[in-house]
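Generate coordinates for the sequence data below:
(3 chains)
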Amino acid sequence: MIDRNDPKMKNSGYFEKVYEIVRLVPAGRVTTYGRIAAMTGYPARSQVVGWALHCNPYQGDVPCHRIVDRNGRLSESYVFGGVGVQRDLLEKEGICFNEEGRIDLDKYQWK
DNA sequence: CTTTTGACTGAGT
DNA sequence: AACTCAGCCAAAA
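Here you go, the predicted structure:
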């Protein structure tokens, strides 16, 4: 639930939409930045989606660890304790990584 | 105010 | 497969 009185709530609408979609991703599923961007109606804004999650004022509510890049690879610039932490969280949700440390998108990507 | 940076992607080399 | 370039746009410097 988004509290519009929260001082951190300075988004300009678009961020809000991104958070709303990410929050809908169920446990055991992942999605990509581009996919989220497409769902907001602007497929070309994948970079902005990444920026939105970088700010991620709803880190407690938004499962940002379920977002991966288009290759099913975790973002190296993830700043939540490192990719190791993100990977651990995903494995606890039942998501398996292959030897390259990537996720099988055909199997886990949320649609 | 202008310029750079960045949790990205897709096409081209 | 690895690298470059272009496009997208909000925040930070």
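
Helices along chain A, start to end?
Assigned by DSSP state H, the helices in chain A fall at A:14-23, A:33-40, A:46-55, A:83-92, A:105-108.

ok, the shortest one near DNA strand C or not?
No: Helix A:105-108 stays out of contact with DNA strand C when judged by Cβ under 7 Å from any atom of the strand, the minimum separation being 14.9 Å. C-beta: built from backbone N, CA, C; applies to glycine.

Now that helix: buried residues?
Using 16 or more other Cβ atoms under 10 Å as the test for burial, helix A:105-108 gives A:L105, A:Y108.

interface residues of chain A facing DNA strand B?
Near DNA strand B, when you scan chain A using Cβ under 7 Å from any atom of the strand, you find A:32-34, A:46-51, A:53-54, A:56, A:59, A:64-65, A:67, A:69-71, A:75, A:77-80, A:86.

Show me what the most centrally placed residue in chain A is bridged to.
What sits nearest the mean C-alpha location of chain A, by Cα atoms, centre = their mean, is A:I67, with 2.9 Å. Beta bridges link A:I67 to A:T31 when assigned by DSSP bridges.
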